[in-house]
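J.: No sequence on hand, only this structure:
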């Protein structure tokens with residue numbers, strides 16, 4: 001993947017990163033001091049948070065849209081799973097790293113541009129975090145322009161907050177139980193930035209259903225002759241495998257999806273299918289059929305138990321065609337996590 005960002009844009013980004021380090025806003029801002037900056041052209045709001053108060057990660061996270069805000073709320077409340085965040089967060093991030101912590105593409109970029117820094121946490125990185133993909137150095141002028149815009153305004157907000165941190169707290173919303181989040185959002189109006197409070201309620205965070213093709217003809221054709229086993233119960237999950245795949249040297253690595261079925265009574269894995277991230281929409285139903293028609297199966301169980309809501313969203317799309325009960329049991333999540341950990345370790349041994 002060829003980086004299309006001009007040296008002039010990289011110089012702008014590096015200058016902003018130096019300002020960020022010198023300002024050190026993490027000295028007075030933490031995860032709970034969140035604010036929004038709306039892109040004047042796209043209308044997308046980037047919800048920003050400063051990291052570094054803990055003394056380990058020094059960064060400015062710019063989370064995209066309401067899903068990004070939802071992620072920030074999980075981080076602030078301690079509900080975020082650090083491992084899952086690698087697969088789900090959608091944001092741009094400026095971070096300060098030690099030289100030995102740089103990704104290969106960052107090292108190559110520094111060498112190409114001739115930039116060099118000295119000291120601890122001196123090397124800026126500008127990464128895109130997209131769901132299901134490895135963190136990756138931004139590649140396009142559009143991404144660079146967006147980061148320049150958001151970081152520039154975020155620095156202004158941080159400077160203002162140094163003298164008045166209370167400006168990011170909306171006291172009135174704390175008395176309204178229907179409000180789950182409040183953010184002060186800066187918008188470019190006319191020729192200047194103006195801020196206003198935006199309040200969010202549960203209905204603002206409705207999850208989109210997975211974008212999956214379900215063909216009734218295909219499902220019924222392949223399932224019609226399979227017997228139903230009333231004595232069988234499966235535990236199923238669909239999850240990202242913690243082993244990035246890079247199909248071509250210049251392509252961004254991604255975390256493939258695995259669909260796993262375990263027979264509840266024996267605890268044995270009866271079927272597993274790998275799903276390429278970019279083709280989940282069309283491949284999911286084919287992989288599901290393969291699991292029911294596999295050499296160790298050849299039947300549809302009486303019940304499928306799911307331990308994660310994300311998997312439930314996928315599989316309930318097929319419930320009418322399977323003719324078996326699909327139930328959610330959050331206690332199953334711990335069992336699945338242990339099983340997946342063992343599975344990942346076995347991959348590492350191969």
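T.: Perfect, I can see it now. Remember, predicted model here, so these are calculated numbers, not experimental data.

J.: Every contact and neighbour count from this point should use C-alpha atoms.
T.: Fine.

J.: and the longest helix anywhere in the chain, what does it pack onto?
T.: Longest helix in the chain, counting residues (DSSP state H): helix 141-163. Counting by 3 or more C-alpha pairs under 8 Å, 6 or more residues apart in numbering; DSSP states H and E, the packing neighbours recorded for helix 141-163 are helix 7-23, strand 35-38.

J.: what does stretch 193-200 contact?
T.: Counting by C-alpha atoms under 8 Å, 6 or more residues apart in numbering, stretch 193-200 makes contact with 170, 173, 179, 180, 181, 182, 183, 184, 185, 186, 187, 188, all of which sit outside it.

J.: Lowest-confidence entry in these?
T.: Lowest in pLDDT among these is residue 173, which has 84.

J.: contacting residues for that one?
T.: Contacts of residue 173 (C-alpha under 8 Å, 6+ apart): 179, 182, 199.

J.: what's the next secondary structure element after the longest helix of the chain?
T.: Next helix or strand after helix 141-163 toward the C-terminus (DSSP states H and E): strand 179-189.

J.: Neighbouring strands of that next one in the sheet, and parallel or not?
T.: For strand 179-189, the paired strands and their directions (DSSP bridges) read strand 35-38 (parallel), strand 192-201 (antiparallel).

J.: Same list (those) but as TSV, adding mean pLDDT, distance to residue 232 and mean neighbour count.
T.: TSV is the format used below for those (pLDDT from 0 to 100; distance: least, C-alpha to C-alpha, whole Å; neighbours: other C-alpha atoms under 10 Å):
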stretch	mean pLDDT	distance to residue 232	mean neighbour count
strand 35-38	97	50	26
strand 192-201	94	41	13
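
J.: Let me have these in JSON lines, adding distance to residue 142 as columns.
T.: Shown next, in JSON lines, are these (distance: least, C-alpha to C-alpha, whole Å):
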{"stretch": "strand 35-38", "distance to residue 142": "15"}
{"stretch": "strand 192-201", "distance to residue 142": "21"}
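
J.: quick one: which of those strands is nearest residue 122?
T.: Nearest to residue 122, of all these, is strand 35-38, at 25.5 Å by C-alpha to C-alpha.

J.: Give me the distance from the closest one to the chain's centre.
T.: 19 Å (C-alpha atoms, centre = their mean, to the nearest Å).

J.: after that strand comes which helix or strand?
T.: Using DSSP H and E, the helix or strand that directly follows strand 35-38 along the chain is strand 45-51.

J.: relative orientation of the following helix or strand past that next one and helix 7-23 in degrees?
T.: Moving toward the C-terminus from strand 45-51, the next helix or strand (DSSP H and E) is strand 58-64. Counting by axes from the mean of the first three to the mean of the last three C-alpha atoms, to 10 degrees, strand 58-64 points 120 degrees away from the direction of helix 7-23.

J.: any idea of the angle whatever helix or strand comes next after strand 58-64 forms with strand 179-189?
T.: Once the chain leaves strand 58-64, the next helix or strand it forms, by DSSP H and E, is helix 65-77. For helix 65-77 against strand 179-189, the angle by the same axes, to 10 degrees is 130 degrees.

J.: could I get the contacts of residue 173 as CSV with distance to residue 162?
T.: Below are those laid out as CSV (distance: C-alpha to C-alpha, whole Å):
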residue, distance to residue 162
179, 26
182, 20
199, 23
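
J.: tell me which of the residues you listed is nearest to residue 26?
T.: residue 182 (20.8 Å).

J.: just to revisit the earlier point, nearest to residue 270, of the contacts of residue 173?
T.: Nearest to residue 270 among those, with distances taken as C-alpha to C-alpha, is residue 179, at 45.1 Å.

J.: what about the closest one, neighbour count?
T.: Look at residue 179: counted by other C-alpha atoms under 10 Å, it has 14 neighbours.

J.: What separation is there between it and residue 170?
T.: According to C-alpha to C-alpha, to the nearest Å, residue 179 stands 11 Å off from residue 170.

J.: quick revisit: and the helices and strands packed on helix 141-163 as a markdown table, adding distance to residue 334?
T.: As requested, the helices and strands packed on helix 141-163 are exported to a markdown table (distance: least, C-alpha to C-alpha, whole Å):
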| stretch | distance to residue 334 |
| --- | --- |
| helix 7-23 | 40 |
| strand 35-38 | 34 |
